[in-house]
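K.L.:
My questions are about this predicted structure, shown below with the sequence.
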Amino acid sequence: MLDNSVVSETPQAHAADVEFMVRRGMTKGYQLLSLLTPPLYSAFALSRYGRAQFTINRLLRATWIGGSVGEHSSIVAGGGFEYARSAYSNAGQVRTRRIHAAYDTASIRADDHSTIGGILFAVLTPAILWKRASIVNLILGGAGVGSAVGLLAHHARTISGDAAPKVRIPEISSPPTPPV
């Protein structure tokens, strides 16, 4: 069996760390834009077109499109930024960042709340607004709104004093990197 420090320096371990960080960056990009898109679209549509052109269908469509492909492609931008940051970094630094991300209970709880909200609203939005929008916009837009609501619920819990517990991160011993 190999020593952990030897395994952490292999190209496969670095690739796995980069993949983890890219997926995390994509998730955070979607969460951020799902939170920002509904109020931004509402303000834009109301100021530009007036209340007569503002519909639930358009709001839900803007929510899921804005969260997934809008605003400079939030998912792609989050993943691309994290790939550029991680792929060309030192393997030890990426491993350390991955371990810190894996033990960051506040971030994990935010992801959990966002996922739960997305699933819940993807089911509830079509049930409540069945005749007001197309089914695709109801499901995907509901998931986007739910993701934002879940993220807001996480931050509300944190502000109200129910912060995620701190977990002690184990010490990481990495061998010194050879000079280039």
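P.N.:
Right, received. Where do you want to start?
K.L.:
The helix ranked longest in the chain - what's its average pLDDT?
P.N.:
Taking DSSP state H as the criterion, the chain has its longest helix at helix 11-49. Confidence for helix 11-49, expressed as mean pLDDT, is 88.
K.L.:
what comes up buried for it?
P.N.:
Using 16 or more other Cβ atoms under 10 Å as the test for burial, helix 11-49 gives 13-14, 17-18, 20-22, 24-38, 41, 45. All C-beta atoms are positioned from the backbone trio N, CA, C, and that covers glycine.
K.L.:
Which elements pack onto the helix or strand L120 falls within?
P.N.:
Using DSSP states H and E, L120 falls within helix 105-128. In terms of contacts (3 or more Cβ pairs under 8 Å, 6 or more residues apart in numbering; DSSP states H and E), helix 105-128 is packed against helix 11-49, helix 135-159.
K.L.:
now with 10 Å?
P.N.:
Applying 3 or more Cβ pairs under 10 Å, 6 or more residues apart in numbering; DSSP states H and E, we find helix 105-128 packed against helix 11-49, helix 56-68, helix 91-102, helix 135-159.
K.L.:
between those, which gets nearest to G78?
P.N.:
G78 lies closest to helix 11-49 among these, at 2.5 Å (Cβ to Cβ).
K.L.:
give the contact list for the residue lying closest to H155 once chain neighbours are set aside.
P.N.:
Excluding its sequence neighbours, the residue lying closest to H155 (Cβ to Cβ, 6 or more residues apart in numbering) is A110, at 7.8 Å. Residues in contact with A110 (Cβ atoms under 10 Å, 6 or more residues apart in numbering) are 27-28, 31, 104, 150-151, 153-155, 157-158, 164.
K.L.:
Which entry within the residues you listed corresponds to the minimum pLDDT?
P.N.:
Within the contacts of A110, pLDDT is lowest for A164, at 82.
K.L.:
Next, that one: phi, psi?
P.N.:
phi -70, psi 140 (degrees, to the nearest 10).
K.L.:
just checking, it touches H155?
P.N.:
No. Taking contacts as Cβ atoms under 10 Å, A164 lies outside contact range of H155: 11.2 Å.
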